[in-house]
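Enquirer: what would the 3D arrangement of this be:
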Amino acid sequence: MGLLLMGLAQNADAQVGIRSEVAQMTLTARSVPQGLIRAVEPARQIGRNGTTVEATMLVRFSANTGYRLVVRSGIPANRIWVRDVNGVYQELTGASVVTVARQQHGAGELESEVSYRVELSGKRDLSESLPVHYELAIIPTM
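Expert: Residues are numbered from 1 along each chain as shown. Below is the predicted model:
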């Protein structure tokens, strides 16, 4: 019995000075900034005033960081105005770019309804009169 008690006493001595406290840790996960335009629905006419047609297009996209959705002009046969992020219609000319949506922190699946005014000439159909391209510019956060 004496040997058994002696072994227990040594175990207890070895743990002197060990304390238990709450520890706080911060984990930060980073992912590669990315975005993707998933779909662009066909133009939908919502109004008309003489030869000027008002239309919208719905753009579906995803982003995991800040972004800017911009519209670029193709080769327009007609005058085209697009409503910018501030609600002001800007004419698309040549290589002009108009920002139509912007967020500092993107998160998941998103959509933006883009508004246009198009001056139609002749018997052109609305889809032929909106030769525009969309680009999603990623704004990485630090």
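Enquirer: quick one: least confident helix or strand in this protein?
Expert: The helix or strand of the chain with the lowest confidence, counting by mean pLDDT, DSSP states H and E, is helix 2-14 at a mean of 52.
Enquirer: following that helix, which helix or strand comes up?
Expert: Per DSSP states H and E, the first helix or strand lying C-terminal to helix 2-14 is strand 35-40.
Enquirer: note down every partner strand of that following strand and its orientation.
Expert: strand 52-63 (antiparallel) (DSSP bridges).
Enquirer: can you point out the buried residues in the partner strand?
Expert: Buried residues in strand 52-63, counted by 16 or more other Cβ atoms under 10 Å: V53, E54, A55, M57, V59, F61, S62, A63. Quick note: C-beta positions are derived from backbone N, CA and C, even for glycine.
Enquirer: mind putting those residues into CSV with distance to T93?
Expert: Listed next are the buried residues of strand 52-63 as CSV, based on distance: Cβ to Cβ, whole Å:
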residue, distance to T93
V53, 18
E54, 19
A55, 18
M57, 19
V59, 21
F61, 25
S62, 30
A63, 28
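Enquirer: contact partners for the spatially most central residue of the chain?
Expert: The geometric centre of the chain, computed from its C-alpha atoms, lies nearest to A63 (Cα atoms, centre = their mean), at 3.9 Å. The neighbourhood of A63, defined by Cβ atoms under 8 Å, 6 or more residues apart in numbering, consists of Q34, G35, L36, Q103, G106, A107, L110, L136, I138.
Enquirer: give me the distance between V53 and I80.
Expert: Computed as Cβ to Cβ, to the nearest Å, the V53 to I80 distance reads 10 Å.
Enquirer: and for those two, which residues touch both?
Expert: Counting by Cβ under 8 Å, 6+ apart, the residues touching both V53 and I80 are R117, V118, S129.
Enquirer: name the member of the residues you listed with the most neighbours.
Expert: Highest neighbour count within the shared contacts of V53 and I80, by other Cβ atoms under 10 Å: V118, with 24 neighbours.
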